[in-house]
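Colleague: A structural model of the following input is requested.
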Amino acid sequence: MIDWREYWDEFPRRFNDSDFRRQVGRTAHRGVPTPALEIEAVIEEIVSSLALGPRDRLLDLCCGNGLLTVRLAERCAEAVGVDFSEPMIRLAREHHTGGNVRYVDGSVLDLGRCVDGKFDKICMVESLAYFGPDDLAQILDGLSTRGASRMTILFSGVLDDEAKWDFFDTPARRTEYEQQQKEGTEIMGRWWTRSEIGRIATKHGYETEFSSQDERLNTAHYRFNVLLRRA
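Modeller: Predicted structure coming up:
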């Protein structure tokens, strides 16, 4: 089983300080950074899904190096990014700052301790894969103390268990995946079903709305988005 804290402490150190997309794994086709147009599509998708506006306080969970956080801050009153990777937070503070952006070195499993204030909008982009059902419940518990009364949460880019074999789409890729699963070295993370997310969300008092990713994204055929609102 991969230690994700150790992994994300080490991974960004492989690249120079300005190689922002590779640092957070925003690559395709054997490590080639995704084009700027895809970054714009991700930002547009988040802003639209959350209806992010100039009065909102945004909490960006697993913010990485702030590549998206600083851009989202342009659309709201304040943005706070949280990540447990010290190298990522250092990069965010050095390269992706702004007057209404703040970064916190801490775990999203301990939001009550590492983040203060209330937030209208919350997002986690392509990172739910590093958590399990108990973790998701813990995250939602933590957000209950940090969310405004009309809080909206977006988990985008969730690995879709029903589309797993659309990603591992050849016998060789499937065999490699299954072997890595046995060895605990598979780096994609957890593949989720909509029903298990829905059950956890309902238990915590949220309504769920599932949607497909923007078709402009190279990940759209194997990831989905889910929006949570207080029921």
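
Colleague: For the protein, identify the residue most remote from the centre.
Modeller: Most distant residue from the mean C-alpha position of the chain: Pro171, 29.2 Å away (Cα atoms, centre = their mean).

Colleague: Tell me who's in contact with Arg26.
Modeller: The contact partners of Arg26, by Cβ atoms under 8 Å, 6 or more residues apart in numbering, come to 33-34, 38-39, 67. Where you see a C-beta, it was placed from the backbone N, CA and C, and this is true even at glycine.

Colleague: what's the answer for His204, then?
Modeller: Contact partners of His204, counting by Cβ under 8 Å, 6+ apart, are 137, 140-141, 144.

Colleague: Apply 10 Å and report the result again.
Modeller: Contacts here follow Cβ atoms under 10 Å, 6 or more residues apart in numbering; on that basis His204 touches 136-137, 139-141, 143-144, 228, 230-231.

Colleague: can you check Val32 too?
Modeller: By Cβ under 10 Å, 6+ apart, the residues touching Val32 are 21-22.

Colleague: next one: Asp17
Modeller: 23, 65, 87, 90-91, 94-95.

Colleague: Secondary structure class of it, three-state.
Modeller: Under DSSP: H, G, I helix; E, B strand; the rest coil, the three-state class of Asp17 is coil.

Colleague: Same check on Asp134?
Modeller: Following three-state DSSP, the label given to Asp134 is helix.

Colleague: What count of nearby residues applies to it?
Modeller: When neighbours are defined as other Cβ atoms under 10 Å, Asp134 has 10 of them.

Colleague: Pretty sure it sits against Arg190.
Modeller: No: between Asp134 and Arg190 there is no contact under Cβ atoms under 10 Å: 11.6 Å.

Colleague: circling back to that earlier point, pLDDT, distance to Thr152 and neighbour count for the contacts of Asp17 - can I get that in a markdown table?
Modeller: Below are the contacts of Asp17 laid out as a markdown table (pLDDT from 0 to 100; distance: Cβ to Cβ, whole Å; neighbours: other Cβ atoms under 10 Å):
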| residue | pLDDT | distance to Thr152 | neighbour count |
| --- | --- | --- | --- |
| Gln23 | 93 | 28 | 25 |
| Asn65 | 97 | 25 | 28 |
| Pro87 | 96 | 30 | 18 |
| Arg90 | 97 | 30 | 15 |
| Leu91 | 97 | 28 | 25 |
| Glu94 | 97 | 30 | 11 |
| His95 | 96 | 28 | 15 |
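
Colleague: Tell me the pLDDT of Thr34.
Modeller: Looking at Thr34, its pLDDT is 89.

Colleague: Compute the distance between it and Ile89, please.
Modeller: In this view, Thr34 and Ile89 are 22 Å apart by Cβ to Cβ, to the nearest Å.

Colleague: Could you report the separation of the residue farthest from the centre of the chain from Ala163?
Modeller: Distance, Pro171 to Ala163, by Cβ to Cβ: 17 Å.

Colleague: Narrow the contacts of His204 to those in helices?
Modeller: Judged by DSSP state H, the contacts of His204 include 136-137, 139-141, 143 as members of helices.

Colleague: neighbour-wise, which of the residues you listed leads?
Modeller: Neighbour tally across those (other Cβ under 10 Å): the maximum, 25 neighbours, falls on Ile139.

Colleague: Just to check, it is in contact with Phe131?
Modeller: Yes: the criterion here is Cβ under 10 Å, and Ile139 meets it with Phe131 at 7.1 Å.

Colleague: any common contacting residues for the two?
Modeller: Listed as contacting both Ile139 and Phe131 by Cβ under 10 Å, 6+ apart are 62, 108-109, 124, 155.
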